[in-house]
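> here is a sequence together with a model predicted from it:
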Amino acid sequence: MSPISSIRRRFVTAGVALAIAGTALLALTPTTTMASTGSTSSVYYQVSPIARLAVPSQGATSGGFPLTPSQCVKQFGLACYSPQDLQAGYQFPKQYTGSGKTIVIIDAYGSPTIKQDLAIYDQEFGLPHANLNIFYPTGSPVYNPLQNHNETSWAEETSLDVELSHGLAPGATIDLVIAPNNSGNALNNAEQYAVNSHLGQVMSMSFGAPENAFQGNNDQLTQAEAIYQQAVSQGMSVFASAGDSGATEGTSSPTALFPASDPLVTSVGGTDLFLSNRGAYKSETTWNDSIPALCPFGCAYGPFGATGGAPSTLFTQPSYQVNDGQGFTTRTTSDVSFNASVYTATMIYLGFLGSNNGFYFFGGTSEGSPSWAAITALADQAAGRSLGELNPLLYKIYHSGRTYAADFHNIYGSGQNNGFNGPGYPATSPGYNLPTGLGTPKVANLISSLSSGL
């Protein structure tokens, strides 16, 4: 078993020009109707998942990944977390699996081998057979990795979203809804299909584009905002990734990603999670590989990325973020966090890469969105109902004092921030911060609080 030399990196960017100086900014509440500019162009969402080959295909060994996290660190310089490791570290309750609930995953292009790959993943980690449904609302795209559409990256993203959400909520149904391409309009239409069809109680979107990419394109934002309003009115919880290129997300100044910046969406930032050899939680830091003190295990491969998180220029401050201690008057991301470093990776199987098929180390905030979707499916099961829009409940817990300490790991420390090739925001003091939001979950306690409506 040896690592492949190439490293795929996931940065969530937009395929349009980003620098638009002097453009007036929109300040919107979640219920504001955005004025149309008449533009019919679409922002394109791009993904390129952070992944490194760990174990080439040798046949699954039923019931356990062949390497422990510490063995992976010794051999590869990266930890390798199974879904059971993440469940143990974040204190998932054993009595809930998401049974009777459905997680909706939105992706473009899809993966040509997702059903077979999920079966191998399940066998390797001793998981029950998954109830996976795949929907193509506007037709099934033909997978062609030679096209210049980043189809391989989207296939990797699909694998991460589906496999991890099933790994953390093995009793939940997974409804995968595939857009024919990665334009914002096509992905909006996939989301609209999922909401109109009442496919599930939770929806995960592991993609985004910097907000300034949408200047002059209010039509796409208007469509998306209407979808999220409809979703939460139907009792659906909606999640999106905060980004992987720090506060600036590859632009010239700090910017939040959309749709994570929408106040109706729970934005998920990223951390480095450190577990004991038995899977017990040890510590966590803000994910930022560009800070040597934060880059784990000697940072053998250099910086992969850093968590997003920044003030919105599109949305005013929602009521649940008032008194968050940050002093902003606009919506800020992140809301919550989850493990995201490729150095503390989750393991995902890819079966569409020919001789390079196998298990891969995966990281990025794309890991966080389906993980929080899985957690919410468990909470819905515990509550016996759909919890719907989560942000007001999460911030209510934050302001509850003792309950917050019981439900969240508050991630902060000296020198922690999300500056990555540009300025960032600090995570140096207790409480809410933009890089990691309210923190990461102590799932059993959090589920109890959410299901009681605290």
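Received it, and whenever you're ready, just let me know what you need.
> what pLDDT does Ala54 get?
Note for Ala54: predicted pLDDT of 64.
> ditto for Leu146
Confidence score, pLDDT, at Leu146: 81.
> quick one, phi psi at it?
phi -80, psi -10 (degrees, to the nearest 10).
> distance of it from Ser183?
20 Å (Cβ to Cβ, to the nearest Å). The way it works is simple: take the backbone N, C-alpha and C, and place the C-beta from them, glycine included.
> quick one, which of these two is more surrounded?
Neighbours per residue (other Cβ atoms under 10 Å) separate Leu146 from Ser183, with Ser183 holding more: 18 against 7.
> test my guess that Tyr44 contacts Gly184.
Yes - counting by Cβ atoms under 8 Å, Tyr44 touches Gly184, with 6.9 Å between them.
> more neighbours: which of the two?
Taking neighbours as other Cβ under 10 Å, Tyr44 and Gly184 compare with Gly184 leading, 27 against 21.
> returning to that earlier point: between Tyr44 and Gly184, which contacts overlap?
Ala209 (Cβ atoms under 8 Å, 6 or more residues apart in numbering).
> quick one, strands of the stretch 201-350 of the chain?
For the stretch 201-350 of the chain, the strands defined by DSSP state E, counting those that start in this stretch cover 202-205, 209-210, 237-241, 257-258, 266-275, 281-286, 311-316, 330-332, 336-339, 344-350.
> make JSON lines out of these and add mean pLDDT.
As requested, the strands of the stretch 201-350 of the chain are exported to JSON lines (pLDDT from 0 to 100):
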{"stretch": "strand 202-205", "mean pLDDT": "98"}
{"stretch": "strand 209-210", "mean pLDDT": "94"}
{"stretch": "strand 237-241", "mean pLDDT": "98"}
{"stretch": "strand 257-258", "mean pLDDT": "96"}
{"stretch": "strand 266-275", "mean pLDDT": "98"}
{"stretch": "strand 281-286", "mean pLDDT": "98"}
{"stretch": "strand 311-316", "mean pLDDT": "96"}
{"stretch": "strand 330-332", "mean pLDDT": "98"}
{"stretch": "strand 336-339", "mean pLDDT": "98"}
{"stretch": "strand 344-350", "mean pLDDT": "95"}
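> which stretches of this structure have low pLDDT?
1-41, 48-49, 53-65, 148-149, 216-217 (pLDDT under 70).
> can you pull up the most central residue in it?
Ser369 (2.7 Å; Cα atoms, centre = their mean).
> residues touching that one, list them.
Listed by Cβ under 8 Å, 6+ apart, the contact set of Ser369 reads 161, 204-206, 239-241, 268.
> tell me the one of the residues you listed nearest Ile227?
Met205 (10.5 Å; Cβ to Cβ).
> quick one: the closest one from Gly354, how far?
29 Å.
> so for the two, which residue has more residues nearby?
Higher neighbour count among Met205 and Gly354: Met205, with 27 against 7, using other Cβ under 10 Å.
> for the more buried one, give the beta-bridge partners.
Ile106, Ala240 (DSSP bridges).
> for it, which residues are in contact?
106, 187, 191, 238-241, 259, 265, 369.
> compile these into JSON lines and extend it with columns for distance to Gly298.
Shown next, in JSON lines, are those (distance: Cβ to Cβ, whole Å):
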{"residue": "Ile106", "distance to Gly298": "37"}
{"residue": "Leu187", "distance to Gly298": "38"}
{"residue": "Glu191", "distance to Gly298": "41"}
{"residue": "Val238", "distance to Gly298": "38"}
{"residue": "Phe239", "distance to Gly298": "32"}
{"residue": "Ala240", "distance to Gly298": "32"}
{"residue": "Ser241", "distance to Gly298": "27"}
{"residue": "Pro259", "distance to Gly298": "36"}
{"residue": "Val265", "distance to Gly298": "36"}
{"residue": "Ser369", "distance to Gly298": "29"}
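> what subset of those is buried?
Among those, those classed as buried by 16 or more other Cβ atoms under 10 Å are 106, 187, 191, 238-241, 259, 265, 369.
> quick revisit: tell me the one of the contacts of Ser369 nearest Gly364?
Nearest member of these to Gly364, counting by Cβ to Cβ, is Ser241, at 7.3 Å.
> measure the residue nearest to the closest one when sequence neighbours are not counted to Val177 for me?
In space, and not counting its chain neighbours, Ser241 is closest to Thr365: 3.9 Å by Cβ to Cβ, 6 or more residues apart in numbering. The gap separating Thr365 from Val177 is 20 Å, by Cβ to Cβ.
> more neighbours: which of these two?
Taking neighbours as other Cβ under 10 Å, Thr365 and Val177 compare with Thr365 leading, 35 against 26.
> show me the contacts for that one.
12, 206, 241-244, 268-270, 307-308, 338, 340.
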